[in-house]
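**Q** Predicted coordinates and the sequence they were generated for:
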Amino acid sequence: MALLPIVQYPDPRLAAKAEPVADFDDSLKQLAADMAETMYAAPGVGLAATQVGKLIRMVVIDISEEKNDLHVFVNPVITFRSEEIKECEEGCLSLPGLYEKVKRPAFVTVKAQDLQGNFFEMQCDELMSVCVQHELDHLDGVVFIDHLSQLKKSRAIVRLAKRRREKAREEKEGREHRR
């Protein structure tokens, strides 16, 4: 397995629509394993293939505390959304350090394929519902801040840029200190 580089916002690949998976071969299984390893190391609870630069419709999710309940969704489609809406704070590995409240349906049903191409359906609530919707948005070129008002999105982008500058400055100071 290998750690994959995570595409950072505003990379245009994050705005691209992913293509359906047609070949359920060993390379797909390897990509899923690498994505899972990358997600766990980040650390995160979900990762879409588009976030590692692969424009295919696949996501990995594991919301368990023990990190031992990996779900792989290939060609996922939400087939039901509840009318009940919940607001939840979301973050994203492609927008590190940025968290915003997003409103989404409280309950969804997703239909997908596993790594062998077999279809399955899963009913999701709570954190799993949020994660499924968040990751499937990535497959359609949507990041979570796209759900915010224009003003809140603009402010979030400014905060993200500031955080990145601060991190770069800290890394530079750390390198200079080690010399």
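**A** Noted; the coordinates are in hand. Numbers count the residues shown, from 1 in each chain.

**Q** What is the longest helix of the protein by residue count?
**A** The helix that spans the most residues within the chain, counting by DSSP state H, is helix 150-178.

**Q** quick one: L3 is in a strand?
**A** No: secondary structure of L3 (DSSP: H, G, I helix; E, B strand; the rest coil): coil, not part of a strand.

**Q** can you pull out the helices in the chain?
**A** All helices of the chain, identified by DSSP H, fall at 26-41, 126-139, 150-178.

**Q** Deepest in the core, which of those helices is it.
**A** Among these, judged by mean count of other C-beta atoms under 10 Å, the one packed with the most neighbours on average is helix 126-139 (a mean of 21). No exception for glycine: its C-beta is placed from N, CA and C like everyone else's.

**Q** Which elements pack onto that helix?
**A** Packing contacts for helix 126-139, counted by 3 or more C-beta pairs under 8 Å, 6 or more residues apart in numbering; DSSP states H and E, involve strand 46-48, strand 58-61, strand 71-81, strand 85-90, strand 100-105, strand 107-113, strand 119-125.

**Q** if we can go back for a sec, want to throw the helices of the chain into TSV with distance to E87?
**A** Converted to TSV, the helices of the chain look like this (distance: least, C-beta to C-beta, whole Å):
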stretch	distance to E87
helix 26-41	24
helix 126-139	10
helix 150-178	13
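
**Q** Could I get the phi/psi values of the nearest residue to L31 once chain neighbours are set aside?
**A** Once its chain neighbours are removed from consideration, L31 has its nearest residue in K54; the separation is 6.4 Å (C-beta to C-beta, 6 or more residues apart in numbering). Comment: the main-chain dihedrals of K54 come out as phi -110, psi 110, following degrees, to the nearest 10.

**Q** and the residue nearest in space to the middle of the chain, what does it touch?
**A** The geometric centre of the chain, computed from its C-alpha atoms, lies nearest to L47 (C-alpha atoms, centre = their mean), at 3.7 Å. Contact analysis of L47 by C-beta atoms under 8 Å, 6 or more residues apart in numbering lists I6, M35, A36, T38, M39, V59, V60, I61, L93, E135.
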